[in-house]
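In: Here is a sequence together with a model predicted from it:
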Amino acid sequence: MCKYIFVTGGVVSSLGKGIVAASLGRLLKSRGLKVDVLKLDPYINVDPGTMSPYQHGEVFVTADGA
Amino acid sequence: MDLGHYERFINIELAQRNNVTTGRIYKSVIDKERRGDYLGATIQVIPHVTNEIKDDIRKVADESGADVVIVEIGGTVGDIESLPFLEAIRQMQGEEGKENALFMHVTLIPYLEKAGELKTKPTQHSVKELRSIGIQPSIIVCRSEKEIDDSIRRKISLFCDVEEEAVIQNEDADSLYAVPLVLERENLDGLVIKKLKLKCQDRDLSAWRKMVEHIASIKEEIDIALVGKYVSLHDAYLSVVESLTHAGFSNDVNINIKWIDSEDLEKNDPEEFLAGVKGIVVPGGFGKRGIEGKIVAAKYARENNIPYLGLCLGMQIAVIEFARNILGWKDAHSSEFSTDTNYPVIDLMLEQRSITDMGGTMRLGNYPCNLAEGTKVAEAYQVDSLLERHRHRYELNNNYRDDLTANGMILSGTSPDNMLVECIELADHSWFVGVQFHPEFKSRPNKPHPLFVDFIKSAKMY
């Protein structure tokens, strides 16, 4: 059965929440666990493709074109 | 952009399902309503939107077959925008049980220089905010520039109702890649395993630790110019910078990025900005502003034999520069930026001509490319065919292939049907390569991308 870790951020943005979450992923993987991730983005754009890199940083491209 | 960190840290390949926006949730809910899937019900945030969110979360778990899914909620607690997501995860913990779903809250403990004190009040407030919507975090990760002592830990533990051992310090690290080691020292993973009753092996971080030690031991530094339009926001080029950095690790050099606003090269002598750099990168971009400056950068690299790496638009820039200054077609351009040029050496792809919507209609994601034998790209990759990620509408205009190749440009990579030029390079140059794709998304700190490794190798020798 799959377990869930929900990561929230407080006080200010740019805290490195994603890096903490990714680092935890690396630590769990180093224990032989299979880890997957989901980023929930609270904006109305259907995907980040049409957003300016000025506000959110680069537009990351996944292998299947997300 | 955080997807990049996940791919780089965990070394996984993510897909569309790993990133969900409010817009996608609402689009799906509205589509269902229009189809009549809800059978006339009144559609509301709770339960319809929250159910859609929970379905998407569970879909990742089901499709990946993962033991653990880490779900990051973007934004900051207290934002109106993230409320439906927070409500959905609150419900999920109730449905899945506390042993199967935990909340981890990442906050800041600011240090007040004048008072010489670390302040916990902002953290208390943000946890209070979370609790008011029914979420009690069981782990709090505190970012701070100073070490958090036991009294601070006790205070956070008391006010936020978490165990003392669950107050985790994330002290600023020298390298991004040292953060897993910082959190290892705090036993964050051990805590998660205990709380979620996960069965697993002992931790083996030896390879990662070796990598971080190697990074810390590098002394030599070289300057690489990154010429772009968004240079005031470094995050806009995060994966490019990380790929250069990774390639530096394997070449035993630290990379100092010289951020150059392409518009500065239009008004000034490029020598002022580019003299002394060991390599020039022109990354991807859109829009006409700053294009001429990027062409100046490509020309400077070509004429001075400085290693050049053009990514996506950076490849197109190299082709335009070559057409203008080697073929002598003074007004050569991309039809993206000039509709009346006599030499549209870069043109809209055939399949793009009938598309009018801007969202999600580019040539996106993985496509294969064949490499020509004996070229720099083939030498770098050590393969004759590859798969790289794309994001573009424009492409080298096939009508000009012969003119370009007759004058010293090598078309070193093409799509398997030979319809699209994917890589170009220059014959009489130390290392001048342009690629239509985005190799920067595939580099990992412990598995640097071969193209970047070869570029930095040449830059180091320049």
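Out: All right, it came through fine.
In: Neighbours of the nearest residue to B:Y462 once chain neighbours are set aside, how many?
Out: Distances taken as CB to CB, 6 or more residues apart in numbering or on different chains put B:K278 closest to B:Y462, at 4.9 Å, once the chain neighbours are dropped. For every residue, glycine as well, the C-beta is placed using N, CA and C. Under the neighbour criterion other CB atoms under 10 Å in any protein chain shown, B:K278 is assigned a count of 21.
In: which residues touch B:K278?
Out: B:I222, B:D223, B:I224, B:I306, B:P307, B:A459, B:K460, B:Y462 (CB atoms under 8 Å, 6 or more residues apart in numbering or on different chains).
In: What is the burial count for residue 17?
Out: In the absence of a named chain, this looks at chain A. By other CB under 10 Å, neighbour count at A:K17 equals 27.
In: wrong chain, I was asking about chain B
Out: Counted with other CB under 10 Å, B:R17 comes out at 16.
In: Same question for B:K121.
Out: 12.
In: Which strand or helix spans B:I255?
Out: B:I255 belongs to strand B:254-261 when assigned by DSSP states H and E.
In: Could you do B:R389 as well?
Out: Judged by DSSP H and E, B:R389 forms part of strand B:385-392.
In: who does the following helix or strand past that strand touch, helix- and strand-wise?
Out: Note on strand B:385-392: by DSSP H and E, the next helix or strand toward the C-terminus is strand B:394-396. Applying 3 or more CB pairs under 8 Å, 6 or more residues apart in numbering or on different chains; DSSP states H and E, we find strand B:394-396 packed against helix B:313-325, strand B:344-348, strand B:421-426.
In: Now with 10 Å, please.
Out: helix B:313-325, strand B:333-334, strand B:344-348, strand B:409-414, strand B:421-426 (3 or more CB pairs under 10 Å, 6 or more residues apart in numbering or on different chains; DSSP states H and E).
In: Phi first, then psi, for the residue nearest to B:Y462.
Out: B:K278 has phi and psi values of phi -100, psi -10 when expressed as degrees, to the nearest 10.
In: what does the one 10 residues further on give?
Out: Recorded main-chain torsions at B:K288 are phi -80, psi -30, according to degrees, to the nearest 10.
In: how near is it to chain A?
Out: Distance, B:K288 to chain A, using CB to the nearest CB, to the nearest Å: 15 Å.
In: Contact residues of the stretch 201-350 of chain B facing chain A?
Out: Selection of the stretch 201-350 of chain B residues close to chain A by CB under 10 Å from any CB of the partner chain yields B:201-209, B:228-230, B:232-241, B:283-287, B:312.
In: Who are the contact partners of the residue nearest to B:K288 when sequence neighbours are not counted?
Out: Excluding its sequence neighbours, the residue lying closest to B:K288 (CB to CB, 6+ apart) is B:F337, at 4.6 Å. B:F337 makes contact with B:G287, B:K288, B:R289, B:I291, B:E292, B:Q316, B:I320, B:P344, B:I346, B:Y394, according to CB atoms under 10 Å, 6 or more residues apart in numbering or on different chains.
In: circling back to that earlier point, quick one, which of the helices and strands packed on strand B:394-396 gets closest to B:R90.
Out: helix B:313-325 (43.5 Å; CB to CB).
In: Put the alpha carbons of that closest one into CSV.
Out: Coordinates of each C-alpha in helix B:313-325 appear next as CSV, following Å, rounded to 0.1, in the frame of the first residue of the first chain:
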residue,chain,number,x,y,z
LEU,B,313,16.8,29.2,-29.6
GLY,B,314,20.6,29.2,-29.1
MET,B,315,21.0,26.9,-32.0
GLN,B,316,18.7,29.0,-34.2
ILE,B,317,20.7,32.1,-33.3
ALA,B,318,23.9,30.3,-34.4
VAL,B,319,22.3,29.6,-37.8
ILE,B,320,21.1,33.2,-38.3
GLU,B,321,24.5,34.5,-37.3
PHE,B,322,26.2,32.1,-39.8
ALA,B,323,23.8,33.0,-42.6
ARG,B,324,24.4,36.7,-42.0
ASN,B,325,28.1,36.8,-41.6
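In: same question for that helix, mean pLDDT?
Out: Here helix B:313-325 scores 96 as its mean pLDDT.
In: Confirm for me that B:S335 is in contact with B:N342.
Out: No - applying CB atoms under 10 Å, one finds B:S335 not in contact with B:N342, separated by 11.2 Å.
In: Which one's more surrounded, the two?
Out: B:S335 (15 against 10).
In: got a list of what that one touches?
Out: B:S335 touches B:T341, B:P344, B:V345, B:I346, B:D347, B:L348, B:Y394, B:N397, counting by CB under 10 Å, 6+ apart.
In: Could you count how many residues lie near the first one?
Out: Same thing as B:T341. 19.
In: Look at it and give its secondary structure.
Out: Secondary structure, DSSP: H, G, I helix; E, B strand; the rest coil: B:T341 is coil.
In: between the contacts of B:S335, which is closest to B:E117?
Out: Of the contacts of B:S335, the one sitting nearest to B:E117 (CB to CB) turns out to be B:Y394, at 55.2 Å.
In: what bridges to the closest one?
Out: B:Y394 has these beta-bridge partners by DSSP bridges: B:L348.
In: Spit out the contact partners of it.
Out: B:286, B:312-313, B:316, B:334-337, B:344, B:346-349, B:352, B:362-363, B:436.
In: ditto for B:K197
Out: Residues A:K3, B:E99, B:N100 are the ones in contact with B:K197 under the rule CB under 10 Å, 6+ apart.
In: per-residue pLDDT, it?
Out: Value listed for B:K197 in the pLDDT field: 96.
In: cool, and B:S415?
Out: Looking at B:S415, its pLDDT is 95.
In: check contacts around B:I224.
Out: Counting by CB under 10 Å, 6+ apart, B:I224 has contacts B:241, B:244-245, B:247-248, B:253, B:255-258, B:277-281, B:307, B:309, B:455-456, B:459.
In: same deal with B:S206?
Out: A:S30.
In: tell me which element A:L40 falls in.
Out: With DSSP H and E as criterion, A:L40 is part of strand A:35-41.
In: Name every strand pairing with that strand and say which way it goes.
Out: By DSSP bridges, strand A:35-41 pairs with strand B:19-21 (parallel), strand B:68-73 (parallel).
In: Same question for the residue of the stretch 201-350 of chain B found nearest chain A, what's its three-state structure.
Out: Proximity of the stretch 201-350 of chain B to chain A (CB to the nearest CB) peaks at B:D235, 3.3 Å away. Using three-state DSSP, the secondary structure recorded for B:D235 is helix.
In: Tell me the predicted confidence for it.
Out: 83.
In: neighbours around it, how many?
Out: Residues near B:D235, counting by other CB under 10 Å: 17.
In: Many thanks, have a good one.
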